[in-house]
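K.L.:
Build me a model:
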Amino acid sequence: MNQKSRAECDRWPTAVADRVVAWTGGHRPSAGGRRVLAVEGRSGSGKSSLAGAVADRLGAPLIRMDDLYAGWDGLSQGVVALRDWVLRPLAEGRPAIWRRWDWAAGEYAEEHPVPDADWLVVEGVGAGAHRAYLSGVVWLNSPAAVRKRRALDRDGETYEPHWDRWARQEDAFYAAEPVRERAGLVIDN
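P.N.:
Residues are numbered from 1 along each chain as shown. Alright, predicted model coming up:
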């Protein structure tokens, strides 16, 4: 990546995060007393960068779906884990504790309690699936070729052999869950 495009990438989440935070202004609590914002889109669309910037501005904990997926074939299991370990307990006024998937060991590892805060930001494919628990969903659009280049630049050899496998899971998930159509804010990146 050349210096100009690196600088543009660094500024992008900052400017867009301000827009997202302004958009969240009137959102009501959705999971108990907590407001939950899902940052959604396909792999490589810019979710991680944007969600990190938004969480910083909101003073919110951030849960990355990459930590919940049960490996390269675990998109659906990660979506269920988000609901069962985080969203449902918060909605019921109970502590939420999730377990991180250890990609090297191929199993769930240590537990992480969700800290108290007004907001919780969740990012990743499937973050916007459980509409009843969400205050808002932001969808990021990016062309497939751009997304693939970004994802492989980010994760390189680790991700490359799994790109098509993961994309098929995304296709199946989004065919069943019209998350983009339900998003309150759609951003082209």
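K.L.:
Helix, strand or coil: sort out Val80 for me.
P.N.:
Look at Val80: counting by DSSP: H, G, I helix; E, B strand; the rest coil, its state is helix.
K.L.:
Show me what secondary structure element comes after the worst-scoring helix or strand of the chain on mean pLDDT.
P.N.:
Ranked by mean pLDDT, DSSP states H and E, the weakest helix or strand in the chain is helix 3-23, scoring a mean of 68. Using DSSP states H and E, the next helix or strand after helix 3-23 towards the C-terminus is strand 35-40.
K.L.:
what's that next one packed up against?
P.N.:
helix 47-58, strand 119-123, strand 136-141 (3 or more C-beta pairs under 8 Å, 6 or more residues apart in numbering; DSSP states H and E). Bear in mind the C-beta positions are built from the backbone N, C-alpha and C, glycine included.
K.L.:
So in that sheet, which strands flank the shortest one, and in what orientation?
P.N.:
Applying DSSP bridges to the sheet, strand 119-123 is found paired with strand 35-40 (parallel), strand 62-64 (parallel).
K.L.:
closest to Leu82 out of the helices and strands packed on strand 35-40?
P.N.:
Ranking these by proximity to Leu82 (C-beta to C-beta) places strand 119-123 first, at 6.6 Å.
K.L.:
That closest one - what's its average pLDDT?
P.N.:
Averaged across strand 119-123, pLDDT comes to 98.
K.L.:
No more questions from me, cheers.
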